[in-house]
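Visitor: pasting the structure only:
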């Protein structure tokens, strides 16, 4: 009884308000009964049919790199005249999202197989084993065209080593000079007297016979490495961190740029390096799952 009385009181209050607004008794009755005037369904009528939506899906799946303008043009040519906004809504409804495509190295079948074989061989390596690896990499940053600077640096799970600013192109001879004067001090800083495995990619200066002899003469083990595999190298992520920090400031001269790079590099912590090294087992599994194709890393 209490609920009925409350409901009646509410209804009476609504009726009084609507009458004060000038509504007729029939309008008030329709409001209380839940009936509305006009169309039963509110909202804009759907302007495309299911058959047309299926056509759009085929267009999208044929080439995932098309823009909304491209999709609209092809959809119109198929007989469905609609707006760009409608194309966007239908694509969203299909589960697709507009994204800038990631740039990944082009891998042929032989390279993918080598990546897959390499990852399978390293599948059971522990984080401790990956922590025995030193990874160098060069970074090229520009101030304004045509000025630029190239930098060499190395990392391990224990942190980063000293930077080397490079003048000119890197060939086998100049690379070996870098190894002698910067890599060895880095290894001593990061590993002390412990053994380590050195890793670099397959750049011509790295894979030269004289460079291989340099490592042999110094008793340093070099990790075999698959071609076109930056997603397997955590130092790529480290350089991304450095470059993001450089974007926050303007550098008018090369000296300013060098100082900014050194400051950014010096701010990298051993914890950041260790987290990147600890991602290696996941990277390996990603390569295996992708059957050698590029991964999200």
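Guide: Here it is on my side, so go on. Just so it is clear, the model here is predicted, and its values are computed rather than measured. Numbering: from 1, shown residues only.

Visitor: Let me know how buried residue 119 is, in neighbour terms.
Guide: When neighbours are counted by other C-beta atoms under 10 Å, residue 119 registers 23. Any C-beta I mention is one placed from the backbone N, CA and C, and that applies to glycine too.

Visitor: Distance of it relative to residue 290?
Guide: 9 Å (C-beta to C-beta, to the nearest Å).

Visitor: And for residue 68?
Guide: 28 Å.

Visitor: what's the answer for residue 54, then?
Guide: Between residue 54 and residue 290 the computed distance is 30 Å (C-beta to C-beta).

Visitor: which one of those two has more residues nearby?
Guide: The residue with more neighbours, out of residue 54 and residue 290, is residue 290; 16 against 10, by other C-beta under 10 Å.

Visitor: so what's the more buried one scoring on pLDDT?
Guide: For residue 290, the pLDDT comes out at 92.

Visitor: Would you work out how far apart the start and end of stretch 198-215 are?
Guide: End-to-end span of stretch 198-215 (C-alpha to C-alpha, to the nearest Å): 9 Å.

Visitor: wait, residue 221 sits on residue 212?
Guide: No - using C-beta atoms under 8 Å, residue 221 is not in contact with residue 212; the gap is 11.8 Å.

Visitor: tell me how far the ends of stretch 156-166 are from each other?
Guide: Start and end residues of stretch 156-166 are separated by 21 Å (C-alpha to C-alpha).

Visitor: which residues touch it?
Guide: For stretch 156-166, the surrounding residues in contact (C-beta atoms under 8 Å, 6 or more residues apart in numbering) are 127, 130-131, 133-135, 138, 149-155, 174, 178, 181-183, 185-187, 189-191, 196, 238, 258, 261-262, 265, 268-270, 273-274, 277-278.

Visitor: List the ones among the residues you listed that fall in strands.
Guide: Using DSSP state E, the subset of the contacts of stretch 156-166 located in strands is 133-135, 138, 149-155.

Visitor: just those residues now: which is nearest residue 205?
Guide: Of all the ones in strands among the contacts of stretch 156-166, residue 205 sits closest to residue 138, with 9.7 Å by C-beta to C-beta.

Visitor: Would you mind measuring from residue 252 to residue 156?
Guide: To residue 156, residue 252 is 34 Å away according to C-beta to C-beta.

Visitor: Next: residue 288.
Guide: 25 Å.

Visitor: does residue 255 sit in a helix, a strand or a coil?
Guide: What DSSP: H, G, I helix; E, B strand; the rest coil gives for residue 255 is helix.

Visitor: Low-confidence ranges, the stretch 1-150 of the chain, go.
Guide: Along the stretch 1-150 of the chain, segments meeting pLDDT under 70 span 1-44, 98-106, 135-147.

Visitor: Go again with 90.
Guide: Scanning the stretch 1-150 of the chain for pLDDT under 90 picks out the ranges 1-109, 128, 131-149.

Visitor: and residue 191, what is it in contact with?
Guide: Residue 191 makes contacts with 134, 156, 158, as judged by C-beta under 8 Å, 6+ apart.

Visitor: The first one against residue 195, yeah?
Guide: No - counting by C-beta under 8 Å, residue 134 sits too far from residue 195 to count as a contact (10.9 Å).

Visitor: These two - which one has more neighbours?
Guide: More crowded of residue 134 and residue 195, by other C-beta under 10 Å: residue 134, with 23 against 10.

Visitor: That one: what's it in contact with?
Guide: By C-beta under 8 Å, 6+ apart, the residues touching residue 134 are 154-156, 161, 183, 186-187, 190-191, 196-199.

Visitor: Who is the residue lying closest to it once chain neighbours are set aside paired with across the strands?
Guide: The spatially closest residue to residue 134, leaving aside those adjacent along the chain, is residue 156, at 4.9 Å (C-beta to C-beta, 6 or more residues apart in numbering). Bridge pairing for residue 156 (DSSP bridges) gives the partners residue 159.

Visitor: Which residue ranges of the stretch 151-297 of the chain form helices?
Guide: 172-178, 184-191, 204-207, 209-217, 234-246, 254-266, 270-277, 280-289 (DSSP state H, counting those that start in this stretch).

Visitor: out of the ones you listed, nearest to residue 107?
Guide: helix 280-289 (10.7 Å).
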